[in-house]
Each structure stands twice: as C-alpha cells, then as structure tokens.
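> Attaching a predicted model along with its sequence, questions to come.
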Amino acid sequence: MTLADQRIGFIGGGAMAEALAGGLIAAGVAPTKILASDVEPARRERLASALRIATSDDNARVVRECDVVVIAVKPGVVEAALAGASGGAAPERPLWISIAAGVPLERLAHSLPARARIVRAMPNTPALVRAGATALCGNAAVGAGDLALARELFEGVGMVWVATHEEQLDAVTGLSGSGPAYVFLMLEALGAAGERMGLPRAAADRLALQTVFGAAKLALETDRRPAELRQQVSSPGGTTLAGLERLEALGFTAAIEAAVEAATRRSKALADPG
C-alpha cells in the first residue's frame with residue numbers, strides 16, 4: 001500500500017506541513033486526499049490557495065477522516081492540539097507521524113489511544129526546498145508497512161534514514177537537524193573572507209553558495225567518500241592544502257565535532273527535562 005491509497009491529514013499547517021503536502025502532490029498524491037487543520041485562518045487560506053487541499057480549524061476532523069495523521073505543531077502545544085482530537089480514533093488507525101522536534105515517542109503515546117502506531121520523524125529545514133534529510137523511528141506497534149509509508153512521505157522532500165533506536169534521533173538532531181545552521185555560518189564566514197581578500201561582497205557570497213552547493217552535489221553523485229574528494233584537490237604545496245592546514249591548525253574538525261556533540265546533548269536534555 002502506498003500513500004496514494006491513503007487519506008493524509010496534517011494537524012498544524014505551518015511551513016513544514018506545507019512542504020510535505022507539496023511533496024506528496026508532486027509525487028502524485030491527489031490534493032483531494034489531503035486535509036490540513038490550523039488555528040490560523042491565514043495559514044488555512046494559504047494552503048487552500050497554494051496546494052488546492054481541504055483545510056479545517058477542527059483537529060478532530062483530521063483524525064476522523066484520515067488514515068495517516070502528521071502531527072506538525074510546535075513541541076509545546078502537542079498535548080493541547082491532540083486533546084480531544086484523538087479520542088475517537090480506533091487503536092489500529094490512523095498511523096500517527098510526528099515532526100514535533102524533541103518530543104519523544106513516550107510523550108506522544110500519552111496523548112494518543114492505547115496501541116497507537118506512532119512514527120517520530122526528525123526532518124530539517126532544507127525539506128522546505130525538497131532537499132531535506134529526515135530520520136525516522138517507530139514505536140513497538142509500528143510495522144514495516146507503516147515505516148514504508150512514513151519513508152514515502154519524507155522522500156517527497158529529500159532523503160530518509162530509519163533509526164534502529166529512538167536515542168539515535170538526538171544525534172540526528174545534532175548533525176542534520178542543526179547542521180544547516182553550521183553550513184550557514186560557514187557561508188557567512190566564506191563570504192566575509194572573500195570580501196576581505198578584495199572581492200565585492202555580493203560576488204563573494206554567490207561564489208560561496210555555489211561552492212558549497214557544488215561540493216555537496218559532487219559528493220552525493222559520486223561513489224567517493226568526502227575524504228577522498230578532499231585529498232583529490234589537495235595537491236602538495238598547493239593553495240587548497242595551505243588553506244586546509246590553516247583550518248586544522250585552528251581546530252576546524254574539532255570545532256565541528258564539538259558543535260554536533262553540544263547539539264546532541266541539548267536534544268537529550270530537552271527530551272528528558274527531569
């Protein structure tokens with residue numbers, strides 16, 4: 001069974017829900033099979049206009065009418081959004097998929113029917129332009145078919161990896177969840193450095209953007225590991241090696257590792273405040 005056979009609902013109609021719904025439609029799911037609820041009239045109007053999907057201010061309607069329900073609200077309002085909405089759901093349906101950052105499966109289960117099938121997902125912001133990286137993990141009630149449906153949903157906005165343990169999602173948060181910000185910081189630094197070396201700032205920023213995009217694309221589309229690609233362009237005595245040696249002297253690799261570790265630890269702390 002594929003998502004095209006399902007009625008898909010979103011509780012919360014923000015930017016990520018819009019991106020996911022748009023990815024579904026681009027993949028061939030009929031807009032008539034998608035329903036989104038949101039408390040803000042402006043968001044409902046936006047979704048209806050941009051995607052031609054049905055919208056509602058009633059979360060319970062989404063649960064009643066849909067086979068797959070995506071929980072796409074802010075972490076702090078998950079319980080409030082699900083209060084009363086999930087009471088009429090049968091244990092075997094719908095399949096619940098949460099993109100509420102940092103909300104563990106156990107906390108989700110407390111707001112859902114007993115034996116609910118729950119998949120927790122950790123997408124990142126490039127999903128907004130269908131270049132995301134998402135990790136998934138299901139609870140004990142989730143079967144292979146459920147994970148396949150969840151994978152199909154997020155493959156519409158990028159790549160997907162299925163975690164074997166929920167604890168791995170903290171490391172995913174530290175790496176790909178927070179990772180775009182690390183790249184944006186590097187882009188800022190590259191642009192500023194180019195300007196200091198004599199380039200117009202607009203040109204430096206554009207060159208930095210295309211360089212990072214091209215390097216990632218090259219790594220994705222070849223079977224070579226990043227280390228091999230780096231070594232390939234690092235000729236002895238050359239400019240690239242001079243730059244790399246200076247980065248390492250200043251602790252570049254250690255700083256990246258420390259950033260991922262710090263974000264991972266923070267993710268764990270937020271998921272388990274006690």
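Arrived safely, thanks for sending. Residues are numbered from 1 along each chain as shown.

> Paired strands for the helix or strand containing Ala121, with orientation please.
Here Ala121, judged by DSSP states H and E, is contained in strand 117-122. Applying DSSP bridges, strand 117-122 is found paired with strand 95-98 (parallel), strand 132-138 (antiparallel).

> For it, C-alpha coordinates in PDB please.
In PDB, the C-alpha atoms belonging to strand 117-122 read as follows (Å, rounded to 0.1, in the frame of the first residue of the first chain):
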ATOM      1  CA  ARG A 117       1.100   3.300  15.800                       C
ATOM      2  CA  ILE A 118       3.500   6.200  16.100                       C
ATOM      3  CA  VAL A 119       6.400   7.200  14.000                       C
ATOM      4  CA  ARG A 120       8.600  10.000  15.200                       C
ATOM      5  CA  ALA A 121      10.400  12.000  12.400                       C
ATOM      6  CA  MET A 122      13.300  14.400  12.600                       C
END
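
> Pull the residues that contact that strand.
Strand 117-122 has contacts (C-beta atoms under 8 Å, 6 or more residues apart in numbering) with 92, 95-99, 101, 103-105, 108-109, 112, 134-139, 141-143, 146-147, 150, 154, 166, 169, 172-173, 176-177. Heads up, the C-betas are built off the backbone N, CA and C, glycines and all.

> same question, stretch 179-198
124-126, 133, 201, 203-205, 207-209, 211-212, 256, 259-260.

> So which of those belong to strands?
Counting by DSSP state E, the part of these found in strands is Ala133.

> What subset of the contacts of stretch 179-198 is buried?
By neighbour count, with 16 or more other C-beta atoms under 10 Å, the contacts of stretch 179-198 hold 124-126, 133, 204-205, 208, 259-260 as buried.

> With respect to Glu45, which of the residues you listed is nearest?
Thr125 (23.4 Å; C-beta to C-beta).

> Not counting residues beside it along the chain, what's closest to the closest one?
Excluding its sequence neighbours, the residue lying closest to Thr125 (C-beta to C-beta, 6 or more residues apart in numbering) is Pro180, at 5.4 Å.

> Give the burial count for Arg93, as a bare number.
15 (other C-beta atoms under 10 Å).

> so it sits in a strand?
No: with DSSP: H, G, I helix; E, B strand; the rest coil as the criterion, Arg93 is located in coil rather than a strand.

> Tell me which residues touch the nearest residue to it once chain neighbours are set aside, please.
Nearest non-adjacent residue to Arg93, counting by C-beta to C-beta, 6+ apart: Asp67, 6.3 Å away. By C-beta under 8 Å, 6+ apart, the contact set of Asp67 is 6-8, 93-95.

> Excluding sequence neighbours, find me the nearest residue to Pro226.
Ala219 (5.6 Å).

> In contact with the spatially most central residue of the chain, which residues?
For the chain, Pro123 is the residue whose C-alpha lies nearest the centre (C-alpha atoms, centre = their mean; 1.2 Å). Residues counted as contacts of Pro123 (C-beta under 8 Å, 6+ apart) are 16, 99, 132-134, 154, 157-158.

> Dump the residues you listed to a markdown table, plus pLDDT and distance to Ser86.
Formatted as a markdown table, those follow (pLDDT from 0 to 100; distance: C-beta to C-beta, whole Å):
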| residue | pLDDT | distance to Ser86 |
| --- | --- | --- |
| Met16 | 95 | 20 |
| Ile99 | 96 | 16 |
| Gly132 | 95 | 27 |
| Ala133 | 97 | 29 |
| Thr134 | 97 | 23 |
| Phe154 | 96 | 22 |
| Val157 | 95 | 25 |
| Gly158 | 96 | 28 |
